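> Structure for the following, please:
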Amino acid sequence: METMKAIEYHAPGDIRVRSVPIPQCGEDEIRAKVDACTVCGTDLKTYLHGNPRIKAPKIMGHEFTAIIETVGEKAEDFKEGRRIVMATSVSCGACFYCSRGLNNLCLDLSPMGFSYNGGMAEYVTIPSQALKNGHVVMVPEGVKAEHAALAEPVSCAVNACGNCNINEGDTVLVTGAGPMGIINACVARHLGAAKIIVAETNPARLDQTQTFGFDLLVNPNAQDLREAVLDFTGGMGADVVIVAAPAKEPQEQALDLVRKQGTVCLFASLPASNSMLSLDSRKIHYNEIRVVGSSDSTPVHVASAVAMISAGQIPAEKIATHILPLDDIFQAFDLMQSGQALRVVLKP
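All right, here's what the predicted structure looks like:
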């Protein structure tokens, strides 16, 4: 029996780099050789605290790219040797939301790395449900593996910025300069935002952000964020506020940072045990503020992300800050927790 190296989740604090059997490929599936998988904040949280959605033991990893190696007899439209990425939360294809193209809101999602074995391995089998419902997206030749693997996180920002209806000339404030905050800011810029403000309390994170060419960087621990935003916008507030910091305070403060008829996007999720906010409904009412959420992405968003990355419209080389082998998954977690890394790419 042929084996491969993989990273398996077993329980909170129990992640193992193991030798496991190479997955089989059914007649209506494809098997691909993984050459890059990025480490998501969700992976880190899963390691630290567990995740009830994961059916352990499970190979982790949902932000991956791979080269098709084997095509099942009934898996038409796929060719060996092609590079792929995925909208990795596999949808049912039949519910109310799937019928409207909102696969990310499917009533019966089965994500890679949660329900199916993921991409932190040498090989991954793509299930028939993913093929049938359009979750596999082709990547043009010439795109580096470590850049293609960013398609999934970039697609989540494409969804968020689309929910915000960003217009040419808008001023967009992103609170939280972790990898997803920076990716949201980059996508907002590409979609036409004229001015980008980024707020971050971690000095190391804020320092990393300087290389991206955003217009204003603010550390709320050293400077009053509301004053800084109002001063920068002539007293109006930002057109759009994207909250990419997983904390209550920036979510609650967002109403004071956005202009009348502006949009607040709650991109980062709070823990289920501590997710209630204190908001002034009068501000929402009288200022006609839109408050929207954003969760995951659809195959359409992933295709848009691939197009942006392949055209060089997203600075992928600045986002993929570290490349490590699978054996160094715990070093990847350390780099993420310290704020030294944006996206760590694992290469089998």
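> What segments of the stretch 51-200 of the chain are strands?
With DSSP state E, counting those that start in this stretch, the ranges of strands along the stretch 51-200 of the chain come out as 58-59, 63-71, 83-86, 89-90, 110-111, 123-126, 136-138, 171-175, 195-199.
> In CSV, list the ones you listed along with mean pLDDT.
Converted to CSV, these look like this (pLDDT from 0 to 100):
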stretch, mean pLDDT
strand 58-59, 98
strand 63-71, 99
strand 83-86, 99
strand 89-90, 98
strand 110-111, 97
strand 123-126, 99
strand 136-138, 98
strand 171-175, 99
strand 195-199, 99
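> So which of these is nearest Leu225?
In terms of C-beta to C-beta, the element of the strands of the stretch 51-200 of the chain nearest to Leu225 is strand 195-199, at 5.5 Å. Where you see a C-beta, it was placed from the backbone N, CA and C, and this is true even at glycine.
> follow-up on the earlier one: out of the strands of the stretch 51-200 of the chain, which is the most enclosed?
With neighbours defined as mean count of other C-beta atoms under 10 Å, those peak in mean count at strand 171-175, which reaches a mean of 29.
> Mind giving me the packing neighbours of it?
Using 3 or more C-beta pairs under 8 Å, 6 or more residues apart in numbering; DSSP states H and E as the contact criterion, the elements in contact with strand 171-175 are helix 179-190, strand 195-199, helix 225-232, strand 238-243.
> Touching it from outside, list them.
Outside of strand 171-175, the residues within contact range by C-beta atoms under 8 Å, 6 or more residues apart in numbering are 164, 166, 181-182, 184-185, 188, 193-200, 225, 229, 232-233, 238-245, 250, 253-254, 257-258.
> Can you give the strand pairings for that strand, parallel or anti for each?
Based on DSSP bridges, the strands next to strand 171-175 in the sheet, each with its direction, are strand 195-199 (parallel), strand 238-243 (parallel).
> buried residues in the last one?
By neighbour count, and taking 16 or more other C-beta atoms under 10 Å as the criterion, the buried residues in strand 238-243 are Ala238, Asp239, Val240, Val241, Ile242, Val243.
> before we move on, what about stretch 316-333?
The neighbour-count check on stretch 316-333 (16+ other C-beta under 10 Å) flags Ala316, Ile319, Ala320, His322, Ile323, Leu324, Leu326, Asp328, Ile329, Ala332, Phe333 as buried.
> Also stretch 109-124?
For stretch 109-124, a neighbour-count test (16+ other C-beta under 10 Å) marks 109-124 as buried.
> now for these, which pair is the farthest apart?
When C-beta to C-beta is used, the two most widely separated members of the buried residues of stretch 109-124 are Leu109 and Glu122, lying 25.7 Å apart.
> now the helix or strand encompassing Phe333 against helix 179-190, angle please.
Phe333 belongs to helix 329-338 when assigned by DSSP states H and E. Compare the direction of helix 329-338 with that of helix 179-190 by axes from the mean of the first three to the mean of the last three C-alpha atoms, to 10 degrees and you get 70 degrees.
> could you point out which element follows helix 329-338?
Toward the C-terminus, helix 329-338 is succeeded by strand 343-347 as the next helix or strand (DSSP H and E).
> Roughly how far does Val344 sit from Asp43?
Plainly put, Val344 is 10 Å away from Asp43 if you go by C-beta to C-beta, to the nearest Å.
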